[in-house]
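In: Turn this into a model:
(2 chains)
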Number of protein chains: 2
Amino acid sequence: MPSLKKYRVDSHFQLAKVNPSDSPFLEGDQAAQLEEIDALAIELDEMQNLLHAEGRRKVLLVLQGMDTSGKDGTVRWVFSRTSPLGVRVTAFKAPSEDERARDYLWRCHAVVPRNGEIAVWNRSHYEDVLVPVVEAWIDKAETRRRYAQINDFERLLVETGTVIVKCMLHIGKDEQRERLQARVDTPGKQWKFSMGDLEVRTKWEAYQRAYDQALRATSTEHAPWYVIPANNKRHRNLMIARLLMKTLRQMKLETPPADPALRGMIIK
Amino acid sequence: MPSLKKYRVDSHFQLAKVNPSDSPFLEGDQAAQLEEIDALAIELDEMQNLLHAEGRRKVLLVLQGMDTSGKDGTVRWVFSRTSPLGVRVTAFKAPSEDERARDYLWRCHAVVPRNGEIAVWNRSHYEDVLVPVVEAWIDKAETRRRYAQINDFERLLVETGTVIVKCMLHIGKDEQRERLQARVDTPGKQWKFSMGDLEVRTKWEAYQRAYDQALRATSTEHAPWYVIPANNKRHRNLMIARLLMKTLRQMKLETPPADPALRGMIIK
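Out: Residues are numbered from 1 along each chain as shown, chains lettered A, B, ... in the order given. Down below sits the predicted model:
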């Protein structure tokens, strides 16, 4: 398997040095790739069953990325074979009045996975160190405070049995233009488009800087970030599925041992 | 005013050195004391209104103590004049199956106060460094980890606009015997009694040790603990009301400034 480590964010990381068109995880022709994605999806479903049977730990998959980077598409493909029974997806929008009246981690903590579950966050608490930074609503000191709060929060989750996988779906500015254009041009895709996306697009470089800094500050031993080259959608799906599978395998999930009390029991 | 500082927990603190029958805040005769409690309750209501009008900060009052130490009674007296509109009381019981499936701070974070609110917690996340310690469900390393998680969690709340006041209602073992006996002997009070209280009472010394250690480990600059001598109920109420008032006064709450857009506006 190609190296995942190369895409793991460390203290020397620079987002600009990762080519969003990279595709080290693509092998064979398109048919082979689709087959592999499907095989991984089936295996993921099996692992999810084990996670549920074990019932002691949980997984949190955080998906971040610019508009059109493919967060929804990732969920659709990677979890195409997993029952919604064991996977709970939360899409975080702009905070409501109720949410703004509490700390920004409140709404996230409310939906952390329970034992046996995989939670997928489409956007997350990381929006609170991206938008406010780009818009200059918070200063550097507050930004640093939030990085520390986020690291503490994630450490709590990890220390209480959560495995956290964080993926930044990395696309290029040109790729975004093409995808936005496709949304505008295709009646069936227009519902995905909002004029606000254009506003955010004008701040592309500022967002890249905010991501660059946030990824470095919050890629910890207990909850590392991976940057996923995502210009190619199949590559994005394959790489995330592989990363998730590797993580689940490392958990050494097992069904609970046979119960001696049930040995030889005959149901009448 | 008598010194609150003397009862603030620091790194040299020892619970055994605080006499639960102390009553430095009791002055005058009983009528004068009741009058003062009522005056403080009225002032507290005014402060709560200001907190609500300001709408930018919130207050969390944590009440901990052995059975019969007077947590409910404190809420009844201290907030006797405050509208439930601005005060939300949460009593934490033994965790449910849903709660046990997440980290122990999950159910607490869910009910943190919103802007303008005072939240009162009757028992709290501190139960998770008391019961499991006494029952030896967790070892020393895990206990220390939880202290750190709790301090991190409270720092998050403070850094996002919450003022935290933590009170340990300190009664003596003899005083508890009398109060439990009164519950057993009085038909109208029997509903407050449970056989489980006796079980916990047999572990009195272990609980005192667990409190002693937890208070020292989690009395921080941002969220200090106060030990409230509580054998005398009026003293307990007066001291907590005074502490709360002092805290609220230090917040320098103010109604938002006059809105120039409303100046001279005539409603027809």
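
In: mind checking the SS state of the residue nearest to A:Val18 when sequence neighbours are not counted?
Out: Using CB to CB, 6 or more residues apart in numbering or on different chains and skipping residues adjacent in sequence, the residue nearest A:Val18 is A:Val227, 5.1 Å away. In short, each C-beta sits where N, CA and C put it, glycine included. In terms of secondary structure, A:Val227 is strand; the call rests on DSSP: H, G, I helix; E, B strand; the rest coil.

In: List the contacts of A:Val227.
Out: Shown in contact with A:Val227 (CB atoms under 8 Å, 6 or more residues apart in numbering or on different chains): A:7, A:9, A:13, A:15, A:18, A:167-168, A:170, A:215.

In: The nearest residue to A:Glu159 once chain neighbours are set aside in helix, strand or coil?
Out: Take A:Glu159 and drop its neighbours on the chain: the residue closest to it by CB to CB, 6+ apart is B:Arg145, 5.9 Å away. In terms of secondary structure, B:Arg145 is helix; the call rests on three-state DSSP.

In: Hmm, A:Arg56 and A:Gly161 touching each other?
Out: Yes: because the distance of 6.3 Å satisfies CB atoms under 8 Å, A:Gly161 is recorded as touching A:Arg56.

In: ok, now how distant is A:Arg263 from A:Pro257?
Out: A:Arg263 sits 12 Å away from A:Pro257, taking CB to CB, to the nearest Å as the criterion.

In: same question, A:Gln48
Out: Plainly put, A:Gln48 is 20 Å away from A:Pro257 if you go by CB to CB.

In: more neighbours, those two?
Out: A:Gln48 (23 against 6; other CB atoms under 10 Å in any protein chain shown).

In: The residue nearest to the more buried one when sequence neighbours are not counted: neighbour count?
Out: Here the nearest residue to A:Gln48 in space, its sequence neighbours aside, is A:Gly86; by CB to CB, 6+ apart that works out to 4.5 Å. Other residues within reach of A:Gly86 by the criterion other CB under 10 Å amount to 18.

In: what are the phi and psi angles of A:Gly86?
Out: When quoted as degrees, to the nearest 10, the phi and psi of A:Gly86 stand at phi -110, psi 0.

In: isn't it right next to A:Ala53, touching?
Out: No: using CB under 8 Å, A:Gly86 is not in contact with A:Ala53; the gap is 10.2 Å.

In: Overlap in contacts, those two.
Out: Taking CB under 8 Å, 6+ apart as the contact criterion, the residues that touch both A:Gly86 and A:Ala53 are A:Gly116.

In: Just the CA coordinates for stretch A:144-154, please, in PDB.
Out: These are the backbone C-alpha positions of stretch A:144-154, laid out as PDB (Å, rounded to 0.1, in the frame of the first residue of the first chain):
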ATOM      1  CA  ARG A 144      -4.300  29.700  19.800                       C
ATOM      2  CA  ARG A 145      -6.700  29.300  22.800                       C
ATOM      3  CA  ARG A 146      -9.100  27.500  20.500                       C
ATOM      4  CA  TYR A 147      -6.400  25.100  19.100                       C
ATOM      5  CA  ALA A 148      -5.600  24.200  22.700                       C
ATOM      6  CA  GLN A 149      -9.300  23.700  23.600                       C
ATOM      7  CA  ILE A 150      -9.800  21.500  20.600                       C
ATOM      8  CA  ASN A 151      -6.700  19.400  21.400                       C
ATOM      9  CA  ASP A 152      -8.000  19.000  25.000                       C
ATOM     10  CA  PHE A 153     -11.500  18.100  23.800                       C
ATOM     11  CA  GLU A 154     -10.200  15.500  21.400                       C
END
